[in-house]
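> Sequence and computational prediction follow.
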Amino acid sequence: MRVAVVGLGPAGCRAAMLLARAGVDTTLFEARDRVGGRMHTIQLDDGFYEAGAEWIDRDHHRVIDLLAELNQQPSDHGMWPGNVWYRGSRSDEESLWPDVQKDVARVEEAADYLCADLEPDPWENFLYPNLDQQTLGKFLDSQCLSARGRWWMEAIYRSDEGEDTDKTGLLGWLCGRLNDLDRDKDAMSAYRFPEGAQRFCERMIESTGLTPHFGSVLKRVEMEGDLAILYFETHHDSFDRVILTLPPPALRRVVFDPPLYDIKEAAIGEIGMSRVIKIALEFESKFWVGTGWKGRGFSDKPIQQFWDSSRGDAAVISAYICGNEAEILRKDPYAVEQTLGQLDTMLPGAKASFKSGRVSDWISEPYSCGGFPYLPPNYALGPMSALFGPDRRIHFAGDATTLRMGFVEGALESAERAVQEVLNA
């Protein structure tokens, strides 16, 4: 059996690793000139930082176990609790303002009440179409009594979803919440990749002994009898089975002949892709040491979330911007200067120590067209269930094809499923 894996982000790299281990004749294709996909590590003279995916949750055991298999141990960042700035006032995540604490309690109590009768698989909750029609933003509006509390809920959940809450479906969000009900507050973003996220993917490919075909942009897939024929810009080849790990926007550009099943095409076409950019600011030194800032911050400014992203001896702070704010800032030719100015109002000394900056615009990145998938209204009870299974000889993996959307853990899980489908075939 000849199998092609198209797309070498974490899902594609893990699929390659598992197929090679099973002795399958495997060929690897990647549109970029590197592996990693949305895991992109930027090397500096004295260290590195992550332009894309960066974090590992404490309960993401697939990632942690695979790191150990690759002779790596996750790095603990120790940034909890972070600081929060709102209209010039500063607090921290463990002792938020009283009005915010009350709104948080109301939101969590109402969400837990709604979750009590829900099934983990969103599409199984057909008794609750009203929840699927509603947005997370409307739900937060109904629970928050203070402007500051509503802002905080938006800041937290916009960062989690990668998108403004008025574009996020409530049912999908509630089902995602079911996965996290029993976790500790400091479980999220507990670790980082010790050698960089991209290096994690490179090590997976190195373990296979396979040489990827870089610069291979998939244009067309034809299914003829017992074969799937892949057409790239400069060549084509035929395979018995294909695993596609492309993000949904990239899949939408591929021509399938015959077309995908209607429900599969709808699932790929209607899922959301978050509008995300990251802006990295490099400094001469870690000027923030000794200021009381532990390395994690939220603000009511356009740079909604920022953290100490320094690796090695580098001094870097990365800002994470989502939704409408990301759309505005990515088009600003002075985005780095704007970000630096906002940061300096919260961490004085930023301007004096500034060295250089870089914008990683994932919205316009041609092979992802966004940060990570999210569930819009009317999607969970719509075509969502069709995301996961194969379509004839084509199998699908990637963080859009898992209930842990947007996580490396989910990408690895999807690879395991897709490879098992191939081996069963």
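It's in.
> Is N324 in contact with D166, as I believe?
No - N324 lies out of contact with D166 (C-beta atoms under 8 Å); the separation is 9.4 Å. Bear in mind the C-beta positions are built from the backbone N, C-alpha and C, glycine included.
> F396 is in contact with A415, isn't it?
No - with contact defined as C-beta under 8 Å, F396 and A415 do not form a contacting pair (10.7 Å).
> Now do the shared contacts for the two.
243, 245 (C-beta atoms under 8 Å, 6 or more residues apart in numbering).
> Which strands and helices lie in contact with the worst-scoring helix or strand of the chain on mean pLDDT?
Here the helix or strand of the chain ranked lowest by mean pLDDT, DSSP states H and E is strand 75-76, holding a mean of 87. In terms of contacts (3 or more C-beta pairs under 8 Å, 6 or more residues apart in numbering; DSSP states H and E), strand 75-76 is packed against strand 191-192.
> Can you give the contact residues for the strand it packs on?
50, 54-58, 64, 74-77, 311.
> Off-centre distance for that strand?
14 Å (C-alpha atoms, centre = their mean, to the nearest Å).
> Partner strands of that strand and their direction?
strand 55-56 (antiparallel), strand 75-76 (antiparallel) (DSSP bridges).
> residue ranges for the helices of the chain, please.
For the chain, the helices defined by DSSP state H cover 10-21, 61-69, 98-115, 129-133, 136-143, 147-161, 170-178, 197-208, 248-252, 262-270, 323-330, 335-346, 350-353, 408-424.
> Which other helices and strands does the third one contact?
Under the contact criterion of 3+ C-beta pairs under 8 Å, 6+ apart, helix 98-115 touches helix 136-143, helix 147-161, helix 170-178.
> how about the CA coordinates for the first one, as PDB?
Included here for helix 136-143 are C-alpha records, laid out as PDB according to Å, rounded to 0.1, in the frame of the first residue of the first chain:
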ATOM      1  CA  LEU A 136     -20.900  32.900  23.100                       C
ATOM      2  CA  GLY A 137     -21.000  36.700  23.100                       C
ATOM      3  CA  LYS A 138     -24.800  36.900  23.600                       C
ATOM      4  CA  PHE A 139     -24.400  34.400  26.500                       C
ATOM      5  CA  LEU A 140     -21.700  36.600  28.100                       C
ATOM      6  CA  ASP A 141     -23.900  39.700  27.600                       C
ATOM      7  CA  SER A 142     -26.700  38.000  29.500                       C
ATOM      8  CA  GLN A 143     -24.600  37.000  32.500                       C
END
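> In CSV, list the helices and strands packed on helix 98-115 along with mean pLDDT and distance to R2.
Formatted as CSV, the helices and strands packed on helix 98-115 follow (pLDDT from 0 to 100; distance: least, C-beta to C-beta, whole Å):
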stretch, mean pLDDT, distance to R2
helix 136-143, 98, 44
helix 147-161, 95, 39
helix 170-178, 95, 37
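> what's the most buried one of these?
The highest average neighbour count among the helices and strands packed on helix 98-115, using mean count of other C-beta atoms under 10 Å, belongs to helix 170-178 at a mean of 23.
> angle of that one against helix 147-161?
80 degrees (axes from the mean of the first three to the mean of the last three C-alpha atoms, to 10 degrees).
> by contact count, what packs against helix 170-178?
Helix 170-178 sits against helix 98-115, helix 129-133, helix 136-143, with contacts defined as 3+ C-beta pairs under 8 Å, 6+ apart.
> Quick check: which of these is nearest to L8?
L8 lies closest to helix 136-143 among the helices and strands packed on helix 170-178, at 32.5 Å (C-beta to C-beta).
> name the helices or strands packed onto that closest one?
helix 98-115, helix 147-161, helix 170-178.
> Mind putting these into TSV with distance to G297?
Below are the helices and strands packed on helix 136-143 laid out as TSV (distance: least, C-beta to C-beta, whole Å):
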stretch	distance to G297
helix 98-115	16
helix 147-161	11
helix 170-178	24
